[in-house]
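1. What shape does this take:
(one chain, ligands or ions: 1)
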Amino acid sequence: MTEFKIINLPECESSNSLLKERRGTFGPFTILRCLKQTQGRGRWGRKWFSKEDKGLTFSILFPIHKNDDYIYYPMAVAYSVVKTFSELDIESEFLWPNDVYVKGKKICGILNESVTRGSESFLVSGIGVNINLDKEDFPEPIKNTSISLKMILGEETAPEFFFKKFINQLYSLIDENTALPAVLNFLKRNSLLKKGEKVKVRVRDREIEGVFEEITENFRLKIITDHGEEEFFDGEVLRIENSSD
Ligand code: BTN
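-> Numbers count the residues shown, from 1 in each chain. All right, here's what the predicted structure looks like:
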């Protein structure tokens, strides 16, 4: 049975940064939750916006033993988030590579970062969930594209409640040794992107337009462009509205 260790801190700059820095002290399978983050980070150098008591922010330190672990753990985290929402009777969707959406708006962001020193490799998976934020709490640029549990349920939920449910989902997935294809198929079934929809993929300084085909067996995004098939192992997907026109 995998032993997870949970550490709660009142405040930190970023649970991902702290877990990466102190991975030697904390050890594998540590879950570090910070009630308040002063410099929460998102993907592509963005900030992660949250508010004490209104958001849930934590990170998990996964040891990497084989290449598949790099895709298994990020998928296991996304899977557990979607499952946790479904336990609360909320239908959520997974947006490749690691966001979770409800009603077309982002409710959870995941930041996966790897660290290798010598023969040891780790993956730090940081999860931010909008629990009790009100629409006015979100900064202007993401106000209309973000949602929280409170905005869906019309009432507050203790962040701790969501956290415990999530942890139980993750524990059972890892302890039951649920195979990678099963986790992948679950995410494919719950994908926000539907086959045939027009998308734009941003990868560093490139922007490529195409039609979403599938999430492949090795967790890549496959799109069809004017020049043929392209696969991405990372990137940001922007959905292009009215793709059926
Ligand atoms: C994204 O949507 O771009 C990813 C957001 C990830 C935010 C979480 S909150 C806990 C952990 N610590 C951080 O600094 N970031 C991640």
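2. show me the contacts for the residue lying closest to Asn130 once chain neighbours are set aside.
-> In space, Asn130 comes closest to Ser148 once its chain neighbours are excluded; the distance is 3.8 Å by CB to CB, 6 or more residues apart in numbering. For every residue, glycine as well, the C-beta is placed using N, CA and C. Ser148 is in contact with 54, 107, 130-134, counting by CB atoms under 8 Å, 6 or more residues apart in numbering.
3. For Ser148, give me the pLDDT.
-> Residue-level confidence at Ser148 comes out at 98, pLDDT.
4. Check the secondary structure at the residue in the chain that the ligand sits nearest to for me.
-> As assessed by CB to the nearest ligand atom, the ligand sits closest to Gly109 within the chain, at 2.1 Å. At Gly109 the chain is in strand, as set by DSSP: H, G, I helix; E, B strand; the rest coil.
5. quick one: it from Thr57, how far?
-> Distance of Gly109 to Thr57, given as CB to CB, to the nearest Å: 10 Å.
6. what's the answer for Asn112, then?
-> Taken as CB to CB, the spacing of Asn112 relative to Thr57 amounts to 15 Å.
7. So for those two, which residue has more residues nearby?
-> Shown here are Asn112 and Thr57; by other CB atoms under 10 Å, Thr57 has more neighbours (26 against 23).
8. my guess is the more buried one meets Gly128, correct?
-> Yes: between Thr57 and Gly128 a contact is recorded at 5.1 Å, counting by CB atoms under 8 Å.
9. Identify the contacts common to those two.
-> Contact criterion CB under 8 Å, 6+ apart; residues bridging Thr57 and Gly128 by contacting each: 40, 48, 50.
10. check contacts around the residue lying closest to the first one once chain neighbours are set aside.
-> Pointing back at Gly40 there. Across the structure, with CB to CB, 6+ apart as the measure, the residue nearest Gly40 apart from its sequence neighbours is Trp48 (3.6 Å). Residues in contact with Trp48, defined by CB under 8 Å, 6+ apart, are 37, 40-42, 57, 109, 111, 128.
11. Let's see which of those residues end up in strands.
-> Of those, the ones assigned to strands by DSSP state E are 37, 57, 109, 111, 128.
12. Could you chop this structure up by domain?
-> Under automatic domain parsing, the residue ranges defining each domain of the chain are 5-189, 198-239.
13. Deepest-packed of the ones you listed, please.
-> Here the criterion is mean neighbour count by mean count of other CB atoms under 10 Å, and of these the winner is domain 5-189, at a mean of 17.
14. Pull up the distance across that one, start to finish.
-> Domain 5-189 has its terminal residues 31 Å apart, counting by CA to CA, to the nearest Å.
15. If you count contacts, what does the lengthiest helix in the chain end up packed against?
-> Looking only at the chain and at elements set by DSSP state H, the helix with the highest residue count is helix 69-87. Using 3 or more CB pairs under 8 Å, 6 or more residues apart in numbering; DSSP states H and E as the contact criterion, the neighbours of helix 69-87 among helices and strands are strand 55-64, strand 93-95, strand 99-102, strand 105-117, strand 120-130, helix 159-175, helix 180-189.
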